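Student: Let me see the structure of the following:
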Amino acid sequence: SVPTTSLFFLWLPDCTDPDAARRREAATPRHLQQMMANVASSLDYGGVTTMRSTVAHPRKAAAEHLVDGSIVILEAESIDDVWNLIEHDVFYTENVWDKTRMVIKPF
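Tutor: Residues are numbered from 1 along each chain as shown. Model (predicted):
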């Protein structure tokens, strides 16, 4: 029989310590490789990075780090499968995402 899947919403905010931006930048190539491998294995999901508000300073230097997390919509068989995927992601293992503020819910 075909497994039943559900959609899940993930809000994965970045850590806010002074070294967080450097960790994200260092881990991004491996994170992208992992995402591509997941897509190649037929895992259906989409994600975007979120940005800190620039309303007060709309013309900040392009090089300034503005990313502050990720939002993902993921199709999986269970929330345990979602956690397994997240806990093996380099952004999780390298402390890019703030583990104390993550939100993972059925969508």
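
Student: for the chain, what spans make up the helices?
Tutor: 20-40, 79-87, 90-93 (DSSP state H).

Student: Check the protein for its longest strand and report it.
Tutor: strand 67-76 (DSSP state E).

Student: which of the helices of the chain is buried the deepest?
Tutor: Comparing those on average neighbours per residue, with mean count of other Cβ atoms under 10 Å, the densest one is helix 90-93 at a mean of 18. C-beta coordinates here come from the backbone N, C-alpha and C atoms, glycine included.

Student: That helix packs against which elements?
Tutor: Here helix 90-93 touches helix 20-40, going by 3 or more Cβ pairs under 8 Å, 6 or more residues apart in numbering; DSSP states H and E.

Student: which other helices and strands contact the longest strand of the chain?
Tutor: Checking 3+ Cβ pairs under 8 Å, 6+ apart, strand 67-76 ends up next to strand 6-13, strand 45-51, helix 79-87.

Student: pLDDT of the last one, averaged?
Tutor: Pointing back at helix 79-87 there. Averaged over helix 79-87, pLDDT sits at 92.

Student: can you tell me which residue is nearest the centre of this protein?
Tutor: Note on the chain: the residue nearest the mean C-alpha position is residue 70, at 4.1 Å, using Cα atoms, centre = their mean.

Student: what is that one paired to in the beta sheet?
Tutor: Beta-bridge pairing of residue 70 under DSSP bridges involves residue 12, residue 49.

Student: What mean pLDDT does stretch 33-44 get?
Tutor: pLDDT averaged over stretch 33-44 gives 74.
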